[in-house]
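Chemist: Next come a sequence and a model predicted from it.
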Amino acid sequence: MKAMGSDVIKLMFRWVPVAVLAAVVVAVPRPATAGGPPPSEGTSGVDLVEGTHATRGIVQAIDAHAMVIARSRSRGSMTFTLTPSTFREERVVVGSAVSVRYREKDTHHVAVAIALERVRIEAQRAP
């Protein structure tokens, strides 16, 4: 009888921690995974969507629907489509040094966010 009781205790010490660990793993909430709903067009435009790219340049032309920038080191110019959800940090005008975060949609570069380059602005103001 004594041998049978020690066998039960050994089994308890072996399997109780496993059961507790399994209960904790099941009970702890997990973050959302890639199986969630697809990202929307967004209302703020600053959501970093997978597949976004970034570049910098000087604004050559801009209107309500498009912006063209000249990039440095002879990398040419890029044209971006602007949407109502494109986030614009401040007023962007021709000649502004900007940083553009964009995503590719078909053959177009759709701007997600446009920010003025602070370092260049502050350097221009210094005497």
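Modeler: Everything's here; your move.

Chemist: and the longest strand for the chain?
Modeler: strand 52-62 (DSSP state E).

Chemist: immediately after it, which helix or strand?
Modeler: Next along the chain after strand 52-62, taking DSSP states H and E as the criterion, comes strand 66-70.

Chemist: buried residues in that following strand?
Modeler: Counting neighbours by 16 or more other C-beta atoms under 10 Å, one finds that the buried residues in strand 66-70 are 67, 68, 69. Heads up, the C-betas are built off the backbone N, CA and C, glycines and all.

Chemist: Report the buried residues of the helix or strand containing residue 102.
Modeler: For residue 102, the host element (DSSP H and E) is strand 97-105. Buried residues in strand 97-105, counted by 16+ other C-beta under 10 Å: 97, 98, 99, 100, 101, 102, 103.

Chemist: got the contact list for the third one?
Modeler: For residue 99, the residues meeting the contact criterion (C-beta atoms under 8 Å, 6 or more residues apart in numbering) are 54, 55, 56, 114, 115, 116, 117.

Chemist: change it to 7 Å
Modeler: The neighbours of residue 99, taking C-beta atoms under 7 Å, 6 or more residues apart in numbering as the test, are 54, 56, 115, 117.

Chemist: Run a quick neighbour tally on the second one.
Modeler: Going back to what we said before, that points to residue 56. As a burial measure, residue 56 scores 14 neighbours (other C-beta atoms under 10 Å).

Chemist: Excluding sequence neighbours, find me the nearest residue to it.
Modeler: Using C-beta to C-beta, 6 or more residues apart in numbering and skipping residues adjacent in sequence, the residue nearest residue 56 is residue 99, 5.0 Å away.

Chemist: Could you measure from the one you found over to residue 107?
Modeler: Separation of residue 99 from residue 107 (C-beta to C-beta, to the nearest Å) stands at 23 Å.

Chemist: Check for me that residue 10 belongs to a helix.
Modeler: Yes: counting by DSSP: H, G, I helix; E, B strand; the rest coil, residue 10 is found in a helix.

Chemist: low-confidence ranges in the protein?
Modeler: 1-5, 12, 20, 23-50, 119-127 (pLDDT under 70).
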